[in-house]
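Enquirer: show me the folded form of this:
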Amino acid sequence: MSYDTPLPPWLTEEFFFPPLIREDMADSTSDYFIVKTRGFGVLPSCSPLLSPDLSLTKKAVDGSPIKCHTSPIPRYETRLRLDGPIAREVQGFMSSSNDPDNAYPTAPCNGVFVMGWGRSIASNGTSTGLMDSSFVACEPVVISRFFEVAIDHEGHVLSAELLDDTDENSYELDPASVANLTWRTNYFLQQLKGSWHSDVRTQDWMHYLLKILDDDNSALVDPSEDIPDPQILIPQIERLYKERFAALLYTAPQIFDEYEQGGPLVVGKRVTTETRLFMVRGAFIISTLVLAIDIIAAIFIYWRGTMVYLPRMPTTIASLLGYTAASRIASERLKSLRDGEEAVSSTFSFGHYTGFDGKAHLGIDVDPHVVPVDLQALKRGDTRLSDSTISKLRRCPRRRAHHEVWL
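Expert: You can find the predicted model right below:
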């Protein structure tokens, strides 16, 4: 009854569905299943109890009639001194002293749920006036309905659409189990320690839930108000009884073992969420054209090969040092050059030079030990081309000598 509290798996407000799937059957948490299956609930069949002796007739196992009755509300006599209007509520199940099958807890009378209300006037611990009372009796019948339900990966019912509300007796459960279920529901809702009171506090589960269901139901336990009209309360009582019975079925799934073994195969489908991108036609055409141009450009570049002008790109400190590592700049002879007149007029150039290791290098050194790069050759593109991808596939590229330097 808590606000926005999700129901347990396989349960709606009025029906319970025997489990059909396992959690490992779903590929993701967004998957859900749509199946056609039967749900089990109860039809309370409540009506005012108008007989003077508060009784009604039921049938025993052999078909013979049994008179079921409930006790009237006792008169107010207590050690707790109350004055003024007083009220009392009773609820529980009927019994029968002449029932040969009145065995706990499957007797026919135990399945009848009873609620009653009393009003009186008290003075100094005794009742000073007549007592007014009214009663409601519910004869619950377990029913089954055919539904199309949507269930998530954990078994929570997302929606339930009733397909057939006429077949109530199909796949009926074991009669002993049904009688036990109705008795347990009545036992859970019965009032254990009720007494006359002059306040508006509830003393049992049923009236507490009725007050939550409707704020106007606080008059049910208000001594200053008249006794409730059973006809007005019956729809609310039946609703609460259906909810409590469905919750009880959830706690006792073992009674559906025979149904699962003898029931039909359930046909359903699994709904999976897939992520897809949708584009308007114009955006799709533009994206396709851009992709095609990129593919053509990539094929042209890698087929032809690329021009290489430098042995290494001067993008890091290590690559920059590589251009001067073997030159006279990095050697101690630079000091001797600075001591004479030659050091005053020396300049630095970029080009080919012979390093101290005796090999040709491309980089920066002191003039006149550098052969400058022919700029006209660069403008004409008259430089060596690296092997293209196709050429590398056709033959193994010629390994350059370790001392080879080109531009």
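Enquirer: which helices and strands does the helix or strand that Val136 is a member of pack with?
Expert: Assessed by DSSP states H and E, Val136 sits inside strand 132-138. With contacts taken as 3 or more CB pairs under 8 Å, 6 or more residues apart in numbering; DSSP states H and E, strand 132-138 sits against strand 46-48, strand 113-123, helix 230-251. To be clear about C-beta, it is placed using only N, CA and C from the backbone, and glycine gets the same treatment.
Enquirer: mean confidence (pLDDT) on the second one, please.
Expert: Across strand 113-123, the average pLDDT comes to 89.
Enquirer: one more: stretch 278-286?
Expert: Computed over stretch 278-286, the mean pLDDT rounds to 87.
Enquirer: kindly report the same for stretch 234-244.
Expert: Per-region confidence: stretch 234-244 scores 92 on mean pLDDT.
Enquirer: with distance to Thr57 and mean neighbour count added, can I get the helices and strands packed on strand 132-138 in TSV?
Expert: As requested, the helices and strands packed on strand 132-138 are arranged in TSV below (distance: least, CB to CB, whole Å; neighbours: other CB atoms under 10 Å):
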stretch	distance to Thr57	mean neighbour count
strand 46-48	13	17
strand 113-123	15	22
helix 230-251	19	18
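Enquirer: figure out which of those is closest to Ile301.
Expert: Nearest to Ile301 among these is helix 230-251; the distance by CB to CB comes to 67.9 Å.
Enquirer: what does that closest one rub up against?
Expert: With CB atoms under 8 Å, 6 or more residues apart in numbering as the test, helix 230-251 has contacts from 8, 10-16, 40-42, 44, 46-49, 113, 115, 134-136, 138, 140, 181-182, 184-185, 188-189, 206, 209-210, 213-214, 217, 220, 255.
Enquirer: just the buried members of those residues?
Expert: 10-12, 14-16, 40-42, 44, 46, 49, 113, 115, 134-136, 138, 140, 181-182, 184-185, 189, 206, 209-210, 217, 220, 255 (16 or more other CB atoms under 10 Å).
Enquirer: tell me where the stretch 201-350 of the chain has helices.
Expert: Per DSSP state H, counting those that start in this stretch, the stretch 201-350 of the chain carries helices over the ranges 205-213, 230-251, 257-262, 281-304, 317-322, 333-339, 342-345.
Enquirer: any chance you could map the strands in this protein?
Expert: Secondary structure of the chain by DSSP state E: the strands cover 32-43, 46-48, 55-59, 65-69, 84-93, 113-123, 126-127, 132-138, 141-152, 157-164, 268-271, 348-354, 360-366, 371-372.
Enquirer: packing partners for the fourth one?
Expert: Packed against strand 65-69 by the contact rule (3+ CB pairs under 8 Å, 6+ apart) you find strand 55-59.
Enquirer: can you check the second one too?
Expert: Using 3+ CB pairs under 8 Å, 6+ apart, the elements in contact with strand 46-48 are strand 132-138, helix 230-251.
Enquirer: mind putting the ones you listed into TSV with distance to Phe284?
Expert: TSV is the format used below for the helices and strands packed on strand 46-48 (distance: least, CB to CB, whole Å):
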stretch	distance to Phe284
strand 132-138	65
helix 230-251	51
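Enquirer: out of these, nearest to Asp164?
Expert: Nearest of the helices and strands packed on strand 46-48 (CB to CB): helix 230-251, 18.3 Å.
Enquirer: so what strands line up beside the strand holding Val136?
Expert: Looking at strand 132-138 with DSSP bridges, its partner strands are strand 46-48 (antiparallel), strand 113-123 (antiparallel).
Enquirer: any chance of these in a markdown table with distance to Glu243 as columns?
Expert: A markdown table is the format used below for these (distance: least, CB to CB, whole Å):
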| stretch | distance to Glu243 |
| --- | --- |
| strand 46-48 | 14 |
| strand 113-123 | 14 |
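Enquirer: format the strands of the chain as JSON lines; extra columns: distance to Ile299.
Expert: What follows is the strands of the chain, written out as JSON lines (distance: least, CB to CB, whole Å):
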{"stretch": "strand 32-43", "distance to Ile299": "47"}
{"stretch": "strand 46-48", "distance to Ile299": "82"}
{"stretch": "strand 55-59", "distance to Ile299": "90"}
{"stretch": "strand 65-69", "distance to Ile299": "92"}
{"stretch": "strand 84-93", "distance to Ile299": "85"}
{"stretch": "strand 113-123", "distance to Ile299": "83"}
{"stretch": "strand 126-127", "distance to Ile299": "104"}
{"stretch": "strand 132-138", "distance to Ile299": "82"}
{"stretch": "strand 141-152", "distance to Ile299": "49"}
{"stretch": "strand 157-164", "distance to Ile299": "52"}
{"stretch": "strand 268-271", "distance to Ile299": "43"}
{"stretch": "strand 348-354", "distance to Ile299": "35"}
{"stretch": "strand 360-366", "distance to Ile299": "32"}
{"stretch": "strand 371-372", "distance to Ile299": "38"}
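Enquirer: perfect, I'm done here.
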